[in-house]
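Student: I would like to see how this sequence folds:
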Amino acid sequence: MPGFLVVKQDVHITKYFCITFSYPDPTRDVILVEIQIYSSNARKWKKLNRYFSESSCNKPFGNGVYWNEAVYRHPSDRNILSYFDLNLEKLKELPIPSPKPPMKRYGYHSTYLYFGESRGHLHWVGTAKYGSRIYLLVYEMSRDHSCFVKYKVEIRDIPDVCPQMIRNNQFEVIDIVRGEEEDVFMVLKVKNKIIRYNILDKSCKHMTTVNNLIRIGSGEVHRYIQSLTSF
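Tutor: Residues are numbered from 1 along each chain as shown. Model prediction:
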């Protein structure tokens, strides 16, 4: 029963939010999302159960992202972005902002190349073709849930990356990292190489080489942050 734990602290109260999902009835198209909340003030657990259709919501919150006092589920085929508001302790939905970022096909599902947070910024990455050129578009969501293209990276500017790699799923965006001013970079897996590509100055650094049979993507690896642990 995969899930994750979010720890939220203020001056006087610590809250633990444990979110897991399971399949209560294998004969039904239903996923149970169980949200358990512990407050140091009340000193007891509270449980919330929500049900999703498996066909419309593959592993809800399985690759959740903590941002802006909420946990967001990874956007996929659906036109709705689901999130759990930690302050109101409620599940909410909102339309995926328009224009909708293009998605990449994985088997029967379409998804984004990347969805994650860095230094208070929520990003996702899609692809777009303008004429004969293919770009990676890095979208950012504002706290009012509006969305805009923050960065646009042309594929041919990235060493060792070609359009065929995207079409053949040989290319993955592992992370978007917001650093100081000119230090904004992508961590990419290109075949068996892990590289760091600076979006602003277009510099590239080879970080390591991995076994090409090992799948490493944004859903399998995480940067360490103090308030989130996966299990």
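Student: okay, CA-based contacts and neighbour counts for the rest of this
Tutor: Fine.
Student: pick out the residue nearest the middle of this structure.
Tutor: residue 115 (2.7 Å; CA atoms, centre = their mean).
Student: which non-adjacent residue is nearest that one?
Tutor: residue 124 (4.2 Å; CA to CA, 6 or more residues apart in numbering).
Student: gap between that neighbour and residue 144?
Tutor: 16 Å (CA to CA, to the nearest Å).
Student: the more surrounded of those two?
Tutor: Per other CA atoms under 10 Å, whichever of residue 124 and residue 144 has more neighbours is residue 124, with 22 against 6.
Student: what bridges to that one?
Tutor: Using DSSP bridges, the bridge partners assigned to residue 124 are residue 115, residue 139.
Student: quick one: pLDDT of residue 204?
Tutor: Here the pLDDT value assigned to residue 204 is 90.
Student: next up, phi/psi of it, please.
Tutor: When read as degrees, to the nearest 10, the backbone of residue 204 gives phi -140, psi 140.
Student: okay, and the residue nearest to it when sequence neighbours are not counted sits in which element?
Tutor: Nearest-residue entry for residue 204: residue 197, 4.5 Å, with adjacent residues in sequence omitted and distances by CA to CA, 6+ apart. Assigned by DSSP states H and E, residue 197 belongs to strand 193-198.
Student: just the CA coordinates for stretch 28-42, please, in CSV.
Tutor: The C-alpha trace of stretch 28-42 is given here as CSV (Å, rounded to 0.1, in the frame of the first residue of the first chain):
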residue,chain,number,x,y,z
ARG,A,28,-14.4,-3.2,-8.9
ASP,A,29,-12.8,-0.3,-10.7
VAL,A,30,-12.1,1.5,-7.5
ILE,A,31,-9.0,2.9,-5.7
LEU,A,32,-9.3,3.8,-2.0
VAL,A,33,-7.3,6.8,-0.9
GLU,A,34,-6.8,6.9,2.9
ILE,A,35,-5.7,10.1,4.5
GLN,A,36,-4.7,9.9,8.2
ILE,A,37,-4.0,13.1,10.1
TYR,A,38,-2.4,13.4,13.5
SER,A,39,-2.3,16.7,15.4
SER,A,40,0.0,17.3,18.4
ASN,A,41,-2.7,19.6,19.7
ALA,A,42,-5.5,17.0,19.7
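Student: how far away from the center of its chain is it?
Tutor: 21 Å (CA atoms, centre = their mean, to the nearest Å).
Student: any idea of the mean pLDDT for that stretch?
Tutor: Per-residue scores along stretch 28-42 average to 79.
Student: kindly report the same for stretch 45-54.
Tutor: Per-residue scores along stretch 45-54 average to 76.
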